[in-house]
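Engineer: need a 3D model of the following:
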Amino acid sequence: MLSSLLVILILHTLTQFPAVCAKGEDFLNSYAKPISITYLDNYDWNWKPTTMEGWQIDQIEYYRKHFNISLNNVDCQIAHLVQAMRIEQLASEKSLIVFDDTWWYREFDIYLGKGGAAVPYLKAKGYQELHSEEYGTVLGRF
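Structural biologist: Numbering: from 1, shown residues only. Now for the predicted structure:
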C-alpha cells in the first residue's frame, strides 16, 4: 500500500502546486483560493504521552517557548479539526486531504492521531477514505 507521503509525491509529479510551510490556521485564514490537495503535517502527535522520553519533553518545551502552545494530543486534534473545517470551505469540487499520523483503530472502531477528530467531520461532508495506515490517512472527494 502507498504511504501518505508517497501519494503526495506522486500527485506533485502529475500536477504543479505550491507547497506551504506555515502554521495551518494562520495560512488558511489568509488564503482564499480553491484548494485541491492538502497535506497536514503540523502540531505534533505525542505517541507515548504517559512514558515520555527526553526528546519529547524537549519538543513540548520548544512548542511552549517558540509558539506559546501547550503540546498535547487533544489540542493537536482540535488544531487539525479547525484546519479541516477551513480547508473544506475552500476545497475544490474534487480534492484530496492527507493527514500525517492519523489512522483507523479497528479495535475501537475510531480514528486516532492528529486527524482523529477531523476525519469523521470530513466524511460527514462527503469525503471518502482512500487509504489509512499507522502513519497517515488519505481522504478524497470526487
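Engineer: and residue 106, how many neighbours does it have?
Structural biologist: When neighbours are counted by other CB atoms under 10 Å, residue 106 registers 8. Glycine gets a C-beta too; all of them are placed from N, C-alpha and C.
Engineer: for it, give me phi and psi.
Structural biologist: phi -60, psi -40 (degrees, to the nearest 10).
Engineer: quick check: phi and psi on the residue in the chain sticking out farthest from the centre?
Structural biologist: Going by CA atoms, centre = their mean, the residue of the chain most distant from its centre is residue 54, 25.0 Å out. Dihedral pair for residue 54: phi -60, psi -40, per degrees, to the nearest 10.
Engineer: which positions within stretch 98-106 qualify as buried?
Structural biologist: Within stretch 98-106, the residues that count as buried by 16 or more other CB atoms under 10 Å are 98-104.
Engineer: which residues are contacting stretch 76-95?
Structural biologist: Outside of stretch 76-95, the residues that reach it under the criterion CB atoms under 8 Å, 6 or more residues apart in numbering are 24-25, 28-29, 31-38, 40, 42-46, 97, 99, 102, 114-118, 121-122, 125, 140-142.
Engineer: could I get the full set of strands for the protein?
Structural biologist: In the chain, the strands defined using DSSP state E lie at 35-40, 91-100, 102-105, 110-113, 128-133, 136-141.
Engineer: adding mean pLDDT and distance to residue 67, write the ones you listed out as TSV.
Structural biologist: Output for the strands of the chain, formatted as TSV (pLDDT from 0 to 100; distance: least, CB to CB, whole Å):
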stretch	mean pLDDT	distance to residue 67
strand 35-40	90	16
strand 91-100	95	18
strand 102-105	94	21
strand 110-113	95	20
strand 128-133	93	28
strand 136-141	96	23
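Engineer: distance to residue 20 added to those strands, as JSON lines?
Structural biologist: As requested, these are exported to JSON lines (distance: least, CB to CB, whole Å):
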{"stretch": "strand 35-40", "distance to residue 20": "10"}
{"stretch": "strand 91-100", "distance to residue 20": "14"}
{"stretch": "strand 102-105", "distance to residue 20": "19"}
{"stretch": "strand 110-113", "distance to residue 20": "21"}
{"stretch": "strand 128-133", "distance to residue 20": "22"}
{"stretch": "strand 136-141", "distance to residue 20": "18"}
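Engineer: alright, calling it a day.
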